[in-house]
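[1] What follows is a predicted structure for the sequence shown.
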Amino acid sequence: MAIDEDLSQLDDYLRRLKVEYDMYFGGGSKKPPEDIEWRVKSLLRKYSDGHSMSFAQRFRYNTIQQRYALFAALWSQKLRIKEEGYRRPQDAVLGIQGLRAEEQHAAEKALKQHETLEDHPAGEPFSVDCADAESEPQKVEALFQALASARKQAGDSGAGSLASFKKFVRQKTAEIRKEYDCPAVEYSVEVKDGQVKLKAKPKT
């Protein structure tokens, strides 16, 4: 299908964009990769309404979109530092090695730890482990997006706000970790018989 091909192309463009930005900030390129970034933005805009996409395709699109948003925030701050000049020793480190690399790695792991739903058997839930909602916002946002997409597919637009969902996950995680003395909580979004379910259980 054309949509699947475009999503694969979008994923490839994003990987290339990250490589070229790494080269740019590392001094291996004289200018940022504006052409590839334009292609990424164009494909994201093309499918932003999601009307012609299946649930699996929409989920895949949202995952790529969140990865781009994560990287775009990183690149924006590094570009600002590069343009303004390195005023502090740590700024020079950010300009070369990347901003908060450990958080970037954790976010990428959270977004990639599960395959897209189109690769799962029918009814297979999306799940994510969360130990601290405050320090793992990307995981919470990925879970919220999966829940919102599932509800939209089921004809229910009442996903609520991200802020209220973050508060819920923060409180629920604290309650379950305290009750079961576990290091993390596993949240899952499952669509079964047209009903969307959000489940939480202790992760040992």
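    Cool, got the structure.

[2] Mind giving me the packing neighbours of the longest helix anywhere in the chain?
    As assigned by DSSP state H, the longest helix anywhere in the chain is helix 55-84. Helices and strands touching helix 55-84, by 3 or more Cβ pairs under 8 Å, 6 or more residues apart in numbering; DSSP states H and E, are helix 2-25, helix 34-46, helix 89-97, helix 101-112, helix 137-153. C-betas here are computed from N, CA, C, even on glycine.

[3] In PDB, list the C-alpha atoms belonging to the second one.
    Included here for helix 34-46 are C-alpha records, laid out as PDB according to Å, rounded to 0.1, in the frame of the first residue of the first chain:
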ATOM      1  CA  GLU A  34      17.600  21.000   5.700                       C
ATOM      2  CA  ASP A  35      16.600  19.100   2.500                       C
ATOM      3  CA  ILE A  36      16.000  15.800   4.300                       C
ATOM      4  CA  GLU A  37      14.300  17.500   7.200                       C
ATOM      5  CA  TRP A  38      11.900  19.200   4.800                       C
ATOM      6  CA  ARG A  39      11.000  15.700   3.400                       C
ATOM      7  CA  VAL A  40      10.400  14.400   6.900                       C
ATOM      8  CA  LYS A  41       8.100  17.400   7.700                       C
ATOM      9  CA  SER A  42       6.300  17.000   4.400                       C
ATOM     10  CA  LEU A  43       5.400  13.400   5.000                       C
ATOM     11  CA  LEU A  44       4.400  14.100   8.600                       C
ATOM     12  CA  ARG A  45       2.000  16.800   7.300                       C
ATOM     13  CA  LYS A  46       0.700  14.600   4.600                       C
END
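
[4] What residue spans form the domains of the protein?
    In terms of domains, the chain is parsed into 2-112, 121-203 (source: automatic domain parsing).

[5] Pretty sure residue 128 sits in a strand.
    Yes - assigned with DSSP: H, G, I helix; E, B strand; the rest coil, residue 128 falls within a strand.

[6] Is residue 187 in a helix, a strand, or coil?
    Residue 187 - assigned by three-state DSSP - is strand.

[7] give me the beta-bridge partners of it?
    Note on residue 187: beta-bridge partners by DSSP bridges are residue 128, residue 200.

[8] List the contacts of it.
    127, 128, 129, 130, 143, 169, 198, 199, 200 (Cβ atoms under 8 Å, 6 or more residues apart in numbering).

[9] ok, now residue 203?
    Applying Cβ under 8 Å, 6+ apart, the residues near residue 203 are 129, 182, 183, 184, 185, 186.
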